[in-house]
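Q: Sequence plus predicted model, see below.
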Amino acid sequence: MLVLPSLVYLLCAATSCACMALLMRGYMRNRTRLLLWSMLCFVGLAFNNLLLFTDLVLLPEVDLQWPRHISALASVAVLIYGFIWEAD
């Protein structure tokens, strides 16, 4: 039964999109660059969650493990770069 895991994967993607939207709204109001970097991280994390749903539910015969790992790494790398950039 793949109904519950599918729901969890989609809820994780929706949560990431909601965080992205809230961070974007905060960035548009305050123009704080750290909010921009955080928003870009959550864009990647939302994409990562959609890849997870696609990999495990929609196309289980296709292995999307490497694209998922690369998108997660890129998302976290953007956030770390933003932290370092704003520390200067």
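A: Sure thing, it's come through. Numbers count the residues shown, from 1 in each chain.
Q: So residue 13 is in contact with residue 54, correct?
A: No. Counting by C-beta atoms under 8 Å, residue 13 does not reach residue 54; the two are 10.2 Å apart. Using the backbone N, CA and C atoms, a C-beta is placed for each residue, glycine as well.
Q: and the gap between residue 27 and residue 74?
A: Using C-beta to C-beta, to the nearest Å, we find residue 27 at a distance of 19 Å from residue 74.
Q: Which other helices and strands does the helix of greatest length in the chain contact?
A: Using DSSP state H to define each element, the chain has its longest helix at helix 3-30. Here helix 3-30 touches helix 33-53, going by 3 or more C-beta pairs under 8 Å, 6 or more residues apart in numbering; DSSP states H and E.
Q: Heading C-terminal from the helix it packs on, find the next helix or strand.
A: helix 65-87 (DSSP states H and E).
Q: could you dump that next one to CSV, C-alpha only?
A: Once non-C-alpha atoms are left out, helix 65-87 reads as follows in CSV (Å, rounded to 0.1, in the frame of the first residue of the first chain):
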residue,chain,number,x,y,z
GLN,A,65,18.9,8.5,-6.4
TRP,A,66,21.8,10.6,-7.8
PRO,A,67,19.7,13.5,-9.0
ARG,A,68,18.0,13.6,-5.5
HIS,A,69,21.4,13.6,-3.8
ILE,A,70,22.7,16.3,-6.1
SER,A,71,19.7,18.5,-5.6
ALA,A,72,19.9,18.1,-1.8
LEU,A,73,23.7,18.9,-1.9
ALA,A,74,23.1,21.9,-4.1
SER,A,75,20.4,23.2,-1.8
VAL,A,76,22.5,22.9,1.3
ALA,A,77,25.5,24.3,-0.5
VAL,A,78,23.5,27.4,-1.5
LEU,A,79,22.5,28.0,2.2
ILE,A,80,26.1,27.5,3.4
TYR,A,81,27.4,29.9,0.8
GLY,A,82,24.8,32.4,1.9
PHE,A,83,25.8,32.0,5.6
ILE,A,84,29.5,32.5,4.6
TRP,A,85,28.7,35.4,2.3
GLU,A,86,26.6,37.2,5.0
ALA,A,87,29.3,36.6,7.7
